[in-house]
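A.B. asks: sequence and predicted model, in that order:
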Amino acid sequence: MNLANSLCQHVRERPDQPALIQGRRSISFAEFEARSNQLAVQLKRKGLKQNDEVLIALGMGIPLYILLLAVWRVGAHALFLDPGMSSVHLTQVLQRVSPKWMIGAGKGRLWQWTRKPLRSLPYHWFNGKVAGTQIDGPPESLSPDSPALITFTSGSTGVPKGLVRSHEFLKTQLQLLQPLLHMQPGQSTLATLPVFALSNLASGMRTVIPPGAVHKPASLSGKKIAACIRTHHIESITASPAFYEQLLACDPQNLSSLRFLFVGGAAVFPSLLDRLAHQFPKAELISVYGSSEAEPIAEMNLQELTPTHREQTNQGAGLYAGKPVDSIELRIVEDEIQVCGPQVLKGYLDGIGDAENKCHEKGKIWHRTGDAGRLDAEGGLWLLGRCTAKQGKLFPFAIEAAAVESGGIQLAGLVQVNGKRILAVQSLPGQKPQADSLSAICHEHHLDAWIRVRIPTDRRHNAKVDYPALTRQLQKKGITHGQ
C-alpha cells in the first residue's frame, strides 16, 4: 500500500497527457513520475529513510506534488503546519513529531527564520527542478496504516490536534470522492484545494492550478480565472464560496465548457448557487459538506432544493445540506452532528483531542463535528452552525441563512456584543440589504439590531465567519441600528 503507485496506471495509459498545469508550466504524467522518482533517489542519498517525517513548506503548485510523491516513494511522511501557528503552538507540535528536514522555497525560508522553534531544522530548497537522471525502483511497500499526511489544527481552541491520514485512509477517501465529484480520466479540472488535487491526479485528470494566491481565494482575480477556464477548457471546479464570488464578478462569455461546479469548505447558501446557475446555466451546481476529519459527509445538487426547503430556510430552519452520503452513518446528539464511517478519522495523534471529539460506542468510533444540525423527516441534513457560536437558544445559521436569502447579502454573522445580540451583514458588491426584511428577522428572533459591515472570515477558505474577530470589530465600531 503506497499512494505513489496510484500514478503508475495513468503513466501507462496516458503518459503524454498533462497531469498538472500552472501558468505556463505543464507536466505530463510520465514526466511527473520521472521527476518524483529522481527526487526520491536524491532524498535517499541525503539520508531520508522510510518512516521519517518531512516538514513541507511549499504552496500549492507543481513543485509541491513532485515533492509529495517523492516523499511517499521513499516511504516517509509529509508534515504540513499552518504558517500562522504561534511559536508556543509550534513548540508543542515539535515535541510530538520529529521532522528530519524542512523542505520549501520562497517564503518557506522566511517562515522558518521568523518562527524560532523551526530554526534548528535543516532546510532544503526545492523549486521543482530535479538534477540528475537516475531512476529508482518501485515505491517502498508500506502497511495500509502507514501515515501519508500529517497536519495540525491551528490551536485556536486549545492545544493543536494532529490529523494523521494514512495511505489506506486517503485511498478510501479518493474512492468515495470519485463518483461524488464525477471524476473521469482525461477530464480538465480547476483545483484550489490541495487534497482534492491529489484525488484528481490519482484519477487521471488534467489538473489546472489557477493563477494567484490559491490559499487566499478571495484575493484571486476573476478575469484571470475566466481566462484560465477558457484556455484549458475547464470542465469542473471544486472551490470555496469566496472563489466563486470572484468568478461571478467576471464576464461569463465563452465559459460554456464548465459542466460541474462543486462548492464547499464553508456555508453554501442557496442564493450563491442561484447566482452561479444564472451565470452558468449549463453547469450542475453541487454543494459538499465535510471536514478535515470526515470528507465527504453530505452533498446536495441545486435541483434537489425544493420551494419548501427555501421557505423553511427563510423561516429560520437553517441551511439545507442534502442527504448524507451512503458510506457514512450520521446521528444528532444534543443538537451536534456526529459521524462514523470509513472516511472518518478514528483518532488524533497521540490521542490528544480524542476525549473531546471521539465517542466509542458498541465497537464504533463516532466523530463529533462541532457543528449543530438536525435531520428532517426525509433524512435530509440541515446545518445550524458551530455549536460554540450558539446565542442562547438561537443557532447562527438559523438567522444567518434567512438574512442572506432575504436579498442583497453575501455573508451574515450572529454575535453578542456588550450583552446585545447583533446580526452583522455584508452586502453583495453594488447592492444594498433589504432593511425591512432584516428588521423583521431581528424582531421575530428578538435580536437587538442589525449592522452592515465588512465581515472578517477564516484564512483558509475566506468564507467562514470569524466570530471572535467580528465581535472585536463591532466592540470597537460601536453598534448603530441598520447602519
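C.D. replies: It's in. Since this is a predicted model, take the numbers as computed values, not measurements. Numbers count the residues shown, from 1 in each chain.
A.B. asks: low pLDDT regions in the stretch 251-400 of the chain?
C.D. replies: Of all residues in the stretch 251-400 of the chain, none has pLDDT under 70.
A.B. asks: now do the strands in it.
C.D. replies: 260-264, 284-291, 294-301, 319-324, 329-333, 336-340, 358-361, 364-375, 381-386 (DSSP state E, counting those that start in this stretch).
A.B. asks: just the stretch 101-250 of the chain next, same as before
C.D. replies: Going by DSSP E, counting those that start in this stretch, the stretch 101-250 of the chain shows strands at 123-125, 147-152, 162-166, 188-191, 206-209, 236-239.
A.B. asks: which one, of the strands of the stretch 251-400 of the chain, ends up nearest to Leu180?
C.D. replies: Closest of those to Leu180 is strand 294-301, at 5.7 Å (criterion: Cβ to Cβ). The C-beta positions use only the backbone N, C-alpha and C, and glycine is treated the same way.
A.B. asks: buried ones in the closest one?
C.D. replies: Ala294, Glu295, Pro296, Ile297, Ala298, Glu299, Met300 (16 or more other Cβ atoms under 10 Å).
A.B. asks: got a list of contacts for it?
C.D. replies: 173, 176-177, 180, 195, 284-291, 320-325, 328, 330, 337, 339, 341, 343-345, 367, 369, 381 (Cβ atoms under 8 Å, 6 or more residues apart in numbering).
A.B. asks: and if you look at stretch 57-64?
C.D. replies: Here stretch 57-64 makes contact (Cβ under 8 Å, 6+ apart) with 20, 22, 25, 27, 56, 67, 83, 102-109, 111-112, 126-128, 191-192, 194, 197, 209, 213-215.
A.B. asks: just the mean pLDDT for that stretch, thanks.
C.D. replies: The predicted model assigns stretch 57-64 a mean pLDDT of 92.
A.B. asks: could you tell me the end-to-end distance of it?
C.D. replies: Start to finish, the residues bounding stretch 57-64 are 9 Å apart (Cα to Cα, to the nearest Å).
A.B. asks: and for stretch 248-266?
C.D. replies: Note: stretch 248-266 ends 17 Å apart using Cα to Cα.
A.B. asks: re earlier: closest to Ile229 out of the strands of the stretch 101-250 of the chain?
C.D. replies: Across the strands of the stretch 101-250 of the chain, closest to Ile229 is strand 188-191 (Cβ to Cβ), at 6.7 Å.
A.B. asks: buried residues in that closest one?
C.D. replies: Result for strand 188-191 [16+ other Cβ under 10 Å]: buried residues Ser188, Thr189, Leu190, Ala191.
A.B. asks: and which of these is nearest Ala239?
C.D. replies: Leu190 (7.4 Å).
A.B. asks: buried residues in stretch 224-234, which are they?
C.D. replies: Ile225, Ala226, Cys228, Ile229, His232, Ile234.
A.B. asks: restricted to helices, list these.
C.D. replies: Ile225, Ala226, Cys228, Ile229, His232 (DSSP state H).
A.B. asks: list the contacts for Trp18?
C.D. replies: Actually, residue 18 is Pro. It isn't Trp. Contacts of Pro18 (Cβ under 8 Å, 6+ apart): Ser26, Ile27, Ser28, Arg206.
A.B. asks: now with 6 Å, please.
C.D. replies: Ser26, Ser28, Arg206 (Cβ atoms under 6 Å, 6 or more residues apart in numbering).
A.B. asks: quick one, which of those are buried?
C.D. replies: Ser28, Arg206.
A.B. asks: quick check, nearest of the contacts of Pro18 to Asp448?
C.D. replies: Comparing the contacts of Pro18 against Asp448 with Cβ to Cβ places Arg206 closest, at 52.2 Å.
A.B. asks: what is the burial count for Asn200?
C.D. replies: Using other Cβ atoms under 10 Å, Asn200 has 25 neighbouring residues.
A.B. asks: wait, isn't it in contact with Leu190?
C.D. replies: No. Applying Cβ atoms under 6 Å as the test, Asn200 and Leu190 come out as separate, 9.7 Å apart.
A.B. asks: would CSV of the buried residues of stretch 224-234 with pLDDT and distance to Arg35 be doable?
C.D. replies: Putting the buried residues of stretch 224-234 into CSV (pLDDT from 0 to 100; distance: Cβ to Cβ, whole Å) gives the following:
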residue, pLDDT, distance to Arg35
Ile225, 94, 27
Ala226, 94, 30
Cys228, 94, 23
Ile229, 95, 27
His232, 95, 21
Ile234, 96, 24
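A.B. asks: quick one: low-confidence ranges for the stretch 51-200 of the chain?
C.D. replies: Scanning the stretch 51-200 of the chain for pLDDT under 70 picks out 133, 155-157.
A.B. asks: doesn't Leu55 lie inside a helix?
C.D. replies: No. Under DSSP: H, G, I helix; E, B strand; the rest coil, Leu55 falls outside any helix and is assigned strand.
A.B. asks: contacts only, for Pro342.
C.D. replies: Thr172.
A.B. asks: tell me, domain by domain, which residues of the chain belong where.
C.D. replies: Here the domain parsing of the chain from automatic domain parsing is 3-164, 406-477.
A.B. asks: how many residues are close by the closest residue to Val404 other than its chain neighbours?
C.D. replies: Spatially, and ignoring its direct neighbours in sequence, Val404 is nearest to Phe269 (4.7 Å; Cβ to Cβ, 6 or more residues apart in numbering). Using other Cβ under 10 Å, Phe269 has 24 other residues around it.
A.B. asks: over to the one 10 residues further on?
C.D. replies: One way to gauge burial is a neighbour count; for Gln279, by other Cβ under 10 Å, it gives 17.
A.B. asks: looking at the buried residues of strand 188-191, which is nearest Pro139?
C.D. replies: For those, the closest approach to Pro139 (Cβ to Cβ) belongs to Ala191, at 23.0 Å.
A.B. asks: any idea how far the closest residue in space to the closest one that isn't next to it in sequence is from Thr207?
C.D. replies: Residue nearest to Ala191 in three dimensions, not counting chain neighbours: Ala197, with 3.9 Å by Cβ to Cβ, 6+ apart. Separation of Ala197 from Thr207 (Cβ to Cβ, to the nearest Å): 5 Å.
A.B. asks: returning to that earlier point: reformat the strands of the stretch 101-250 of the chain as TSV; add distance to Leu3.
C.D. replies: Converted to TSV, the strands of the stretch 101-250 of the chain look like this (distance: least, Cβ to Cβ, whole Å):
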stretch	distance to Leu3
strand 123-125	22
strand 147-152	6
strand 162-166	10
strand 188-191	17
strand 206-209	16
strand 236-239	19
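A.B. asks: out of those strands, nearest to Tyr467?
C.D. replies: strand 147-152 (21.6 Å).
A.B. asks: now do that closest one: everything it contacts.
C.D. replies: 3, 77-80, 93, 160, 162-167, 170.
A.B. asks: go on, stretch 314-323?
C.D. replies: So stretch 314-323 is in contact with 267, 289, 298-300, 309, 379-384, 397-398, 401-402, 405, going by Cβ under 6 Å, 6+ apart.
A.B. asks: alright, calling it a day.
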